[in-house]
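>>> no FASTA, just this:
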C-alpha cells in the first residue's frame, strides 16, 4: 500500500516511470474487475477495456490521483466514459454512421449488446444528474456498475463501512430509477 501511495505521489509530480509502475502494480486487480463485468465472456475483452482505460489515464500526462482509492474511482469513471462512448457509437451506426469500433464488454456493454443501449444512455444521463446532486453517490455507482467493484471492496478503498455503502447504494438506485422513469 505505501509503495503504491509513494508511486502515485511521484506520478502526480509528472514521473512517467512511476505512472507506469502504478499501472503495472494494479493491472491484475483492474483486469480482474473488468473480467468480473464480463461474467464468463472472452478474457481478451477485459484486457482491452483495461488497456483503453490506461491509455486515457496516461495520455493526460501526470497521473492526478491521491491514493489507491482515488485511482480506482478515476479508473471507474474512465471505464464509464469508454462504455458510454461505445454505446453512442453503436447508436450512431444504427442511424447510418459508417464508423467501426472494436467491441468492449462490461455489465453496461452486455446491456447494450442486448439492444438495451437506450437504457445505458438513459442511465448515463441520470448518473450525470446524480453527480450534480450528490457526487459521492455517483462515484459509488461508477465504481459498482462500471468498474465492477463489490461493496466490500469499495469499503476498503474508501475506508468506509459496508453498511453505510449499502445505504448509499439503495439511495443511488432509488434516485436513478426515479430519474430514468421520469425522462
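Thanks, I have it. Quick caveat, the model's predicted, so the values are computed rather than measured.
>>> show me what contacts residue 82?
49, 52-53, 56, 104 (CB atoms under 8 Å, 6 or more residues apart in numbering). The C-beta positions use only the backbone N, C-alpha and C, and glycine is treated the same way.
>>> what's the span of stretch 148-162, first residue to last?
From its first residue to its last, stretch 148-162 covers 16 Å (CA to CA, to the nearest Å).
>>> for residue 58, grab the count of nearby residues.
The tally of other residues near residue 58 (other CB atoms under 10 Å) stands at 15.
>>> without its sequence neighbours, what residue ends up closest to it?
residue 19 (6.3 Å; CB to CB, 6 or more residues apart in numbering).
>>> mind checking which helix or strand that neighbour is in?
Using DSSP states H and E, residue 19 sits in helix 16-38.
>>> list the contacts of residue 21.
Per CB under 8 Å, 6+ apart, neighbours of residue 21: residue 7.
>>> re the thing from before, chain center to the helix holding residue 19: distance?
Averaging C-alpha positions (CA atoms, centre = their mean, to the nearest Å) puts helix 16-38 13 Å from its chain's average.
>>> so for that helix, mean pLDDT?
Taken as a whole, helix 16-38 has an average pLDDT of 79.
>>> kindly report the same for stretch 140-147.
What stretch 140-147 shows for mean pLDDT is 84.
>>> which residues are in contact with it?
33-34, 37, 72-73, 75-77, 79-80, 83, 106-108, 123, 127, 130, 149-151, 154, 157, 165, 168-169, 172, 176.
>>> and the buried ones among the residues you listed, selectable in PyMOL?
If you want just the buried ones from those in PyMOL, going by 16 or more other CB atoms under 10 Å, the selection is:
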select buried, resi 33+34+37+72+73+75+76+77+79+80+83+106+107+108+123+127+130+149+151+154+157+165+168+169+172+176
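>>> for residue 13, see how far away residue 138 is.
29 Å (CB to CB, to the nearest Å).
>>> again, but for residue 82
Relative to residue 13, and taking CB to CB, residue 82 is found at 27 Å.
>>> equivalent analysis for residue 148, please.
For residue 148 relative to residue 13 (CB to CB), the value is 30 Å.
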